[in-house]
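Trainee: Need coordinates for the following:
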Amino acid sequence: GRGFLCASLALAGLQIAACFTSPPNAGAAPALALRSRWAGACVLSKHESSLVGARRNANAGRGAARLGGLGMKVRDDWGRFEDWAKEAGIEWAKNSLAEFKGGLRGVKATRAIAEGDILMSTPDSAVLKTIEPNPKLPNKLQGYVSEQVWKEGEWWLRLALLLCYEQGVGRTGGDVSEKKAWLDVLPDEMDTPLHWTDEEIDALEYAPLVQKVKDQRGRWNTVHASVASANPAIGKKELFLACEMARSRAFSGPFVNKLPKDLFFLTGLMVAVSTQLNILDGKSAAVATFVVAASLLAQAFVLPSVLGLQHYVLAPRIDMINHRGGSKSQVTYQALQASFEVVAAAPVAEGEEVFISYGTRSNDQLLQYYGFVENNNPDDVYEIPSFASRVQQVSGASIASVMEAKAGLEAGDTALVSQTGVSDAALALAESICGSAEAGRSAIAKVLQEEQGKFAKSLAEEETALKISRSSGKPAVGSPAGLAMALRVAKLSLLRDALLKLS
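Mentor: Numbering: from 1, shown residues only. Next up, the predicted model:
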């Protein structure tokens, strides 16, 4: 009947997709996108040749976990994980978990993958997630941590506490997690700068990241003290690892309620019967269908949007896809199916690795939270703090000109240098301080040269050392020394390229 047709059309019209990204380091700022699919969908945002590092000594890897020399137990764990994944409703096509050159594990195409192919689908029931803002302590964590710890914690601490609980950290007795097979293959340690010595951190020779890592260490120690005051059995090592899992493996995006397919079908059926029995005419049936559909859509999409609700999700198997900057592949939430999907944004040849983007991530962020450095990272930046003062000092401009420039611009006091060169905001700020574009560019060049001088070696020397390291294995590519070397090369390369663009 016409009523049933109206309901079907309303259902078919649910083709919204919101993008999820790997959560930014300072919080969450998910992107929203639209794409056409037979379902309401919310898109989550979060290499061997392009990655340096990722010494996780792990069984699985977001980023790049190593598998070299796996024992029988670990192989058995992986077999149990895949069996559990199938039972949990996780689906995948044209791909498998694989080990690549250098012992890095990721996802490989087992058949040619076309743009738009759905690579993986993980049902909502299989993920670990928190919906923010979420000040109320979940029922299962009652007595595990205090309301205050939960309320004051950021999304990554809340997700970490959920993970700790599922892993049995800091609790005795209780049921074994139904996600145990997945939990067993998560990394058992991370080799990020958080765990380096002070000397190894200082060897980065890049002050902004050195300070961020030291600030992180202090802050996380404070977080653990707060958690331990509520539950002394939650150790620092276990909590830190869970926090790192949340920071490196979670995706985030706008929360969308599951769309009730049964209600849509029942509405269509009732309207169809009503029109056939002449209880409702066609116009009334259409209005009734619209009202019901609009109400369901409002509950699923509009209300969460108005409340500003966000998903933070650890999705089994999806979290094992490695990162490549510039990749457009997305993780989407399909509201009708109540599942998270990975959709290929470009063709992948058989045997090639499948990549996804964790979002816009500089090498500072990738190294600090993921444990690797990406060569030729399109999103890498070089930060120059106190930029206005630096420009004033090298140019001899007056202090008053600096104050006026900063008052008239919203560039902030940290300049960013990327692959495209010095940011427009920094150029404008320097011009305003120095009085002309030419004088401003000259001052910036002097500041960049000062930055080069902060490194112990030149770019040419560092590149030679890195090349020798990769061929000899000394220092190991994924060691703190190897990672620090890779970061220095990346930062010096940005400075060199920016200077060339200014000349």
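Trainee: And the strands in the stretch 401-503 of the chain?
Mentor: If you assign secondary structure with DSSP state E, counting those that start in this stretch, the strands in the stretch 401-503 of the chain sit at 415-418, 421-422.
Trainee: So which elements touch the longest one?
Mentor: Of the remaining helices and strands, those touching strand 415-418 by 3 or more CB pairs under 8 Å, 6 or more residues apart in numbering; DSSP states H and E are strand 382-384, helix 424-434, helix 437-452, helix 480-502. Where you see a C-beta, it was placed from the backbone N, CA and C, and this is true even at glycine.
Trainee: again, only this time at 10 Å
Mentor: Strand 415-418 makes packing contacts with strand 382-384, helix 387-395, helix 424-434, helix 437-452, helix 480-502 when contacts are defined by 3 or more CB pairs under 10 Å, 6 or more residues apart in numbering; DSSP states H and E.
Trainee: Tell me which of the ones you listed sits nearest to K236.
Mentor: Comparing the helices and strands packed on strand 415-418 against K236 with CB to CB, the closest turns out to be helix 480-502 (20.1 Å).
Trainee: From the chain's centroid, how far away is the closest one?
Mentor: The gap between the average C-alpha position of helix 480-502 and the chain average comes to 23 Å, counting by CA atoms, centre = their mean, to the nearest Å.
Trainee: Send me it as CSV with only the CA atoms.
Mentor: Output of helix 480-502 as CSV, limited to C-alpha atoms (Å, rounded to 0.1, in the frame of the first residue of the first chain):
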residue,chain,number,x,y,z
PRO,A,480,64.6,5.3,21.7
ALA,A,481,67.8,6.3,19.9
GLY,A,482,66.5,5.2,16.5
LEU,A,483,63.2,7.0,17.0
ALA,A,484,64.9,10.1,18.2
MET,A,485,67.1,10.1,15.2
ALA,A,486,64.1,9.7,12.9
LEU,A,487,62.3,12.6,14.6
ARG,A,488,65.3,14.9,14.3
VAL,A,489,65.5,14.1,10.6
ALA,A,490,61.8,14.9,10.2
LYS,A,491,62.0,18.2,12.0
LEU,A,492,65.2,19.3,10.3
SER,A,493,63.7,18.5,7.0
LEU,A,494,60.7,20.8,7.7
LEU,A,495,63.1,23.6,8.6
ARG,A,496,65.2,23.2,5.5
ASP,A,497,62.2,23.1,3.2
ALA,A,498,60.7,26.2,4.9
LEU,A,499,63.9,28.1,4.4
LEU,A,500,64.0,27.2,0.7
LYS,A,501,60.4,28.5,0.3
LEU,A,502,61.4,31.7,1.9
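Trainee: what comes up buried for that helix?
Mentor: Applying a neighbour-count criterion of 16 or more other CB atoms under 10 Å, the buried positions in helix 480-502 are 480-495, 497-499.
Trainee: Just the pLDDT for M190.
Mentor: The confidence metric pLDDT takes the value 89 at M190.
Trainee: from what I can see it touches L367, true?
Mentor: No - taking contacts as CB atoms under 10 Å, M190 lies outside contact range of L367: 11.5 Å.
Trainee: So these two - more neighbours on which side?
Mentor: It is L367, of M190 and L367, that has more neighbours when counted by other CB atoms under 10 Å, with 28 against 24.
Trainee: Next, the contact list for that one, please.
Mentor: Neighbour list for L367: 52-54, 192-193, 204, 206, 209, 212-213, 361, 373-374, 483-484, 486-487, 490 [criterion: CB atoms under 10 Å, 6 or more residues apart in numbering].
Trainee: now D83
Mentor: Applying CB under 10 Å, 6+ apart, we find D83 in contact with A181.
Trainee: Quick check: which element contains it?
Mentor: Counting by DSSP states H and E, the element that carries D83 is helix 72-87.
Trainee: go on, G106?
Mentor: If you go by DSSP H and E, G106 is part of strand 104-109.
Trainee: sorry, back to before: which among the helices and strands packed on strand 415-418 is found nearest to G173?
Mentor: G173 sits nearest to helix 480-502 of all these, at 39.6 Å, using CB to CB.
Trainee: Do me a favour and average the pLDDT over stretch 320-332.
Mentor: Regarding stretch 320-332, the rounded mean pLDDT is 85.
Trainee: Now do Q142 against I234, distance only.
Mentor: Here Q142 is placed at a distance of 15 Å from I234 (CB to CB, to the nearest Å).
Trainee: Kindly report the same for A315.
Mentor: In this structure, A315 and I234 are separated by 24 Å, where distance is defined by CB to CB.
Trainee: do E152 as well
Mentor: 16 Å.
Trainee: roughly how far apart are E87 and A126?
Mentor: Computed as CB to CB, the E87 to A126 distance reads 10 Å.
Trainee: before we move on, what about E82?
Mentor: Distance of E82 to A126, computed by CB to CB: 13 Å.
Trainee: ditto for V417
Mentor: Applying CB to CB, the value for V417 to A126 is 42 Å.
Trainee: what's the answer for Q449, then?
Mentor: 53 Å.
Trainee: And S398, by the same measure?
Mentor: Counting by CB to CB, the gap from S398 to A126 is 62 Å.
Trainee: and what of Q142?
Mentor: When distance is defined by CB to CB, Q142 is 24 Å away from A126.
Trainee: Neighbour count for those two, which is higher?
Mentor: Neighbour comparison, Q142 and A126: the larger count goes to A126, with 23 against 10 (by other CB under 10 Å).
Trainee: That one and M120 touch, don't they?
Mentor: No - between A126 and M120 there is no contact under CB under 10 Å: 11.3 Å.
Trainee: hey, what's in contact with both of these two?
Mentor: Common neighbours of A126 and M120 (criterion: CB under 10 Å, 6+ apart): 85, 90, 315-318, 339-340.
Trainee: So L161 sits against S226, correct?
Mentor: No - in this structure, L161 sits apart from S226 without contact. The criterion is CB under 10 Å, and the distance is 11.3 Å.
Trainee: Out of these two, name the residue with the larger neighbour count.
Mentor: Neighbours per residue, other CB under 10 Å: of L161 and S226, the larger number sits with L161, 28 against 16.
Trainee: Of E152 and I234, which one has the most company?
Mentor: With other CB under 10 Å as the criterion, E152 and I234 differ in neighbour count, and I234 comes out ahead with 22 against 12.
Trainee: Look up which helix or strand the nearest residue to that one once chain neighbours are set aside falls in, please.
Mentor: Counting by CB to CB, 6 or more residues apart in numbering, G170 is the residue found nearest to I234 once chain neighbours are left out, at 3.6 Å. Element membership for G170 (DSSP H and E) is empty, with no helix or strand holding it.
Trainee: Scan the shared contacts of A126 and M120 and report the most crowded one.
Mentor: The most crowded member of the shared contacts of A126 and M120 is F340, carrying 31 neighbours; neighbours defined as other CB under 10 Å.
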